[in-house]
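Structure for the following, please:
(2 chains)
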Amino acid sequence: MNEMKKTAISLNVNNETHEIVSNPNKTLLEVLRDDLHLTGTKESCGEGVCGSCTVLVDGAPVRSCLTLAVAVQGKEITTIEGLRAGEKLHPVQEAFVNHHAIQCGFCSPGMILTAYALLKENPTPTEAEIRRAISGNICRCTGYAKIVEAIKSLAEEGR
Amino acid sequence: MRLPPFQFLEPTNVEEALSMINTRKETVKIMAGGTDLLNRMRLRLIEPAFVMNISKLRNIDGIDVGETETVIGANTRLKDIARSPLLNKRFRAISEAAFLVASPTITNMATMGGNLLQNTRCIYYDQSGMVLNGLEPCHKRGGTLCLAVKGGKRCFSVYQGDMAPALIAFDARCVLEKKGSTRTVAVTELFTGNGATPFAIGADELLTKIIIPQPKGMFSSAYRKLRLRGSVDYPLASAAAFVSVTKDKEVNACRVVIGAAGASPKVMDGPSNEANWEGMAQKAYEYMEAVDNLQMPGAYRRKTVSVLTKRAIKAVMDRLKEGM
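All right, here's what the predicted structure looks like:
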């Protein structure tokens, strides 16, 4: 068994600095859920395929199950909890609710963050661009039509 | 599944990185995007004592398009390669290959160097310990048999990188640095052809740059691939085609490089005066190692690689016609 030393890790999550002491082999997903109790980020496949664990690192959607927590120190991490303003849902979240783009909800945090990043970069994406952007987020309820509709509604508004 | 224990290293510059791998050699694994490495570690296929994160080394990323050659830093994200208008214009196969890697979320993380140096795969190897414990050790696990090919005297695991075929189509070279020295080799020379130990790179070497020479005259390229799920999977067969023409619009070079065809990409140079897609497709069919060791049958992958070869050459010829 290899040696491992616990290390101090400082993470900027949702504009708050969190200091933890942890083993370097912990993924960002594990730290978010187990240490910071931000359980909005979901674990599903655990191998970077499904997109349930998507979070934003410096604004770009990444797989938190394939990211070492220790490697993203100094970066801005945004989880689904960081999207809303107080009790008010973010417009992307609202659009998902209004378009019934949520069934079991397990893919929703990753899907919403991916949609948020897309709209931030390209406020008026085409349907093909939307489908391409969310292609790495798998919805096992197969609710893609509603998800695409929700994102399209925001694209049409240019938000 | 949790990752195995390791010590984490994070150099701040290339010299420090070279020094770290020079003293630790085989005990250290280099992590760029981490999308391939962490899964291999999770399956306990490798359990390095040290993981060295190079993702913050800024002086080995970026794209520099020059008149005689284009340099792509090993740390450049695939997303940036796919989106580069200059690369898309000059080296279409390379930007198409980057665009077709997994999904956008993965290409936000994955790098050119990491994609190029990803290990070979086989359904009898890329499994958790629970599955592997029930199997006899194959060549890749230090044994003496192949579970995919009965009586196989070597490892038939498959190299499934997307970038290598496209880079080889352009005769790209790569820069390998180690403490005190640097060498530049053709991308083809990175590969041993042996699935058990697929790369001819020292444990103390770091891939820092890819150099793509500017082809002469009018040329174009294309990349096509087969995968199970369009958004996430590795290629099960792929073809990168490059064709250049003279001022008189005669074909003077036609090269196709097929991927997921064995332990290394296979290069096929066509007759110098034509882009004969039927002939090249037949060659691709013959060069493909049709082993049943990936998610689709070898025979199907073999048939498909010849189709992809035709499609890639046809796309290039259409692009050349548009440009003429």
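
Can you give me the distance of the residue in chain B that chain A sits nearest to to A:T124?
Using Cβ to the nearest Cβ, the closest approach of chain B to chain A is made by B:S103 at 2.6 Å. The way it works is simple: take the backbone N, C-alpha and C, and place the C-beta from them, glycine included. Separation of B:S103 from A:T124 (Cβ to Cβ, to the nearest Å): 22 Å.

Looking at the two, which one has more neighbours?
B:S103 (25 against 12; other Cβ atoms under 10 Å in any protein chain shown).

Look up the closest residue to the more buried one, ignoring the ones flanking it.
The spatial neighbour of B:S103 that comes closest, neighbours along the chain excluded (Cβ to Cβ, 6 or more residues apart in numbering or on different chains), is A:G136 at 2.6 Å.

Please list the residues of chain A that sit near chain B.
Applying Cβ under 8 Å from any Cβ of the partner chain, we find that chain A lies next to chain B at A:1-5, A:7, A:23-27, A:30, A:46-49, A:51, A:54, A:60-63, A:66-68, A:70-71, A:114, A:132-133, A:135-138.

Distance from the lowest-mean-pLDDT helix or strand in chain A to the middle of the chain?
Least confident helix or strand of chain A, by mean pLDDT, DSSP states H and E, is helix A:144-157 with a mean of 92. Relative to the mean C-alpha coordinate of its chain, helix A:144-157 is positioned 18 Å out (Cα atoms, centre = their mean, to the nearest Å).

again, but for stretch A:16-24
Its chain's average C-alpha position is 19 Å from that of stretch A:16-24, according to Cα atoms, centre = their mean.

What is the lengthiest helix in chain B packed up against?
If you go by DSSP state H, chain B has its longest helix at helix B:298-323. Judged by 3 or more Cβ pairs under 8 Å, 6 or more residues apart in numbering or on different chains; DSSP states H and E, the packing partners of helix B:298-323 are strand B:218-226, strand B:237-245, strand B:251-259, helix B:277-287.

Could I get the buried residue list for the longest one?
Residues of helix B:277-287 classed as buried under the neighbour-count rule (16 or more other Cβ atoms under 10 Å in any protein chain shown) are B:277, B:280-281, B:283-285, B:287.

and if you look at stretch A:75-90?
A:75, A:77-83, A:90.

As a quick check, tell me the outermost residue of chain B.
Going by Cα atoms, centre = their mean, the residue of chain B most distant from its centre is B:D248, 34.2 Å out.

State whether B:Q7 and A:N2 are indeed in contact, as I suppose.
Yes. Counting by Cβ atoms under 8 Å, B:Q7 touches A:N2, with 7.4 Å between them.

So for those two, which residue has more residues nearby?
More crowded of B:Q7 and A:N2, by other Cβ under 10 Å: B:Q7, with 19 against 13.

Kindly provide the distance from the residue nearest to that one when sequence neighbours are not counted to B:E16.
Nearest non-adjacent residue to B:Q7, counting by Cβ to Cβ, 6+ apart: B:F50, 5.0 Å away. As judged by Cβ to Cβ, B:F50 and B:E16 stand 14 Å apart.

cool, B:C138 as well?
From B:C138 across to B:E16, the span is 37 Å (Cβ to Cβ).

Looking only at neighbour counts, state which of these two leads.
Neighbour count, other Cβ under 10 Å: between B:C138 and B:E16, B:C138 has more, with 23 against 13.

Would you mind listing the residues in contact with that one?
B:C138 makes contact with B:122, B:124-125, B:145-148, B:155, according to Cβ atoms under 8 Å, 6 or more residues apart in numbering or on different chains.

The closest residue to chain B within chain A: how many residues sit nearby?
Residue of chain A nearest chain B, by Cβ to the nearest Cβ: A:G136 (2.6 Å). A:G136: 24 surrounding residues under other Cβ under 10 Å.

Ok, the one 4 residues further on next?
Counted with other Cβ under 10 Å, the burial measure for A:R140 works out to 12 neighbours.

Can you tell me the SS state at it?
Classification of A:R140 by DSSP: H, G, I helix; E, B strand; the rest coil places it in coil.

can you pull the contacts of it?
Taking Cβ under 8 Å, 6+ apart, we find A:R140 in contact with A:104, A:106-107.

Drop anything exposed from these.
For the contacts of A:R140, buried by 16+ other Cβ under 10 Å: A:106-107.

Output the contacts of A:R140 as JSON lines; include the columns secondary structure and pLDDT.
Below are these laid out as JSON lines (DSSP: H, G, I helix; E, B strand; the rest coil; pLDDT from 0 to 100):
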{"residue": "A:C104", "secondary structure": "coil", "pLDDT": "95"}
{"residue": "A:F106", "secondary structure": "coil", "pLDDT": "96"}
{"residue": "A:C107", "secondary structure": "coil", "pLDDT": "97"}
